[in-house]
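**Q** sequence first, predicted coordinates after that:
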Amino acid sequence: MMKSLLGLMAGLLFLSMPVLAEQKPEEFKPGVDYDLVSPPQPTGDPSKIEVIEFFWYGCPHCYHFEPDLNAWLKNKPASVVFIRQPAVFNAHWAAHARAFFTAEALGVLDKVHADFYDTIQNKKKALESEDDLAQFFKNHGVAEADFRKAYKSFAVDAKTRQAEGLAAKYGVTGTPSLVVNGKYVISPGKAKSFPRMIEITNALIKEESRPAKLSTQ
C-alpha cells in the first residue's frame, strides 16, 4: 500500500515537471503593454540604460506608485541611470516643477521629495505660491533667502521652461509614466498595475542591455 502511494506521488510529480518547465516569462508587446517613442529620443549616456519617471506631485497615482518605484530603485541594475522628471501640462504642474528644480539646486531634493508628496496628498496643501514654498523649505532647514534666490534663479527658470515641452517629445500624456532608453513609454493604462509597470520596465531594460543593442546606440 505504501509503495503504491509513493509510486503514485512520484508519478504525479513527474507529470507536473513538463508543465513547470514549459512556463516562460511573460512577453510584453508594443501597443499592448507599452508604447513606442516616435521618434526615439537621445539619452545622456549611450553606455547606460536611461529610465525617466515623468511625475507630478499633485497626482495621487504618482504618490501611490512611489513604494513600487522606491523598491525598484534599491535593486536597479548598476547600468541603469534613473531620472525624475516633473511633467508640466499647465500652471499648477509648472509650480511644482519649479519647486522640484529649486530643491535640486539647493541640494535638498532627497530630503524634501517624500514630504512634498505627503504635504500635498495627505495634508491637502497646494504648495504652489512662492510664499507657501518658502515656508515649506524653511521647515526643512533651508533659509528663506537661500530658497528665494534659488527659486528665482536663471537655472531653475530654464529647467522649468524646458520641462514644459519635454513630455510631448516622448509621447507622454499622463503620469506616472516611465520612459526606457528614450524608446519605450510604460504607463498604468497599458501596464494595468504598478507592479506590472516595473516588470515591463525590467524586461525592456534587459532587452536594451543585449550586446547587439548596445553596439548600435
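**A** Perfect, thanks for sending it.
**Q** quick one: low-confidence parts of this protein?
**A** 1-25, 212-217 (pLDDT under 70).
**Q** quick one: the strands in it, in order.
**A** Ranges of strands in the chain, per DSSP state E, are 35-36, 49-55, 80-86, 177-180, 184-186.
**Q** tell me which strands the third one pairs with, and in which orientation.
**A** The sheet places strand 80-86 alongside strand 49-55 (parallel), with pairing taken from DSSP bridges.
**Q** list the contacts of the strand it pairs with.
**A** 43-44, 62, 65, 69, 76-77, 79-87, 167, 170, 172, 175-182, 201, 205, 208-209 (Cβ atoms under 8 Å, 6 or more residues apart in numbering). No exception for glycine: its C-beta is placed from N, CA and C like everyone else's.
**Q** CA atoms only for it, dumped as PDB, please.
**A** Provided in PDB are the C-alpha atoms of strand 49-55 (Å, rounded to 0.1, in the frame of the first residue of the first chain):
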ATOM      1  CA  ILE A  49      20.300  52.400 -19.900                       C
ATOM      2  CA  GLU A  50      18.300  55.500 -19.100                       C
ATOM      3  CA  VAL A  51      15.000  55.400 -17.200                       C
ATOM      4  CA  ILE A  52      13.000  58.600 -16.800                       C
ATOM      5  CA  GLU A  53      10.000  58.900 -14.500                       C
ATOM      6  CA  PHE A  54       7.500  61.600 -15.500                       C
ATOM      7  CA  PHE A  55       5.500  62.600 -12.500                       C
END
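**Q** next one: it to chain centre, how far?
**A** Offset of strand 49-55 from its chain centre (Cα atoms, centre = their mean, to the nearest Å): 5 Å.
**Q** make 30 the first number, not 1, from now on.
**A** Happy to do that; since the first residue is 30 now, the last one works out to strand 78-84.
**Q** separation between the most centrally placed residue in the chain and residue 223?
**A** Closest to where the C-alpha atoms of the chain average out (Cα atoms, centre = their mean) is residue 82, at 3.2 Å. Relative to residue 223, residue 82 is positioned 12 Å away (Cβ to Cβ, to the nearest Å).
**Q** pretty sure residue 73 contacts residue 111?
**A** No - between residue 73 and residue 111 there is no contact, the gap being 11.6 Å when judged by Cβ atoms under 8 Å.
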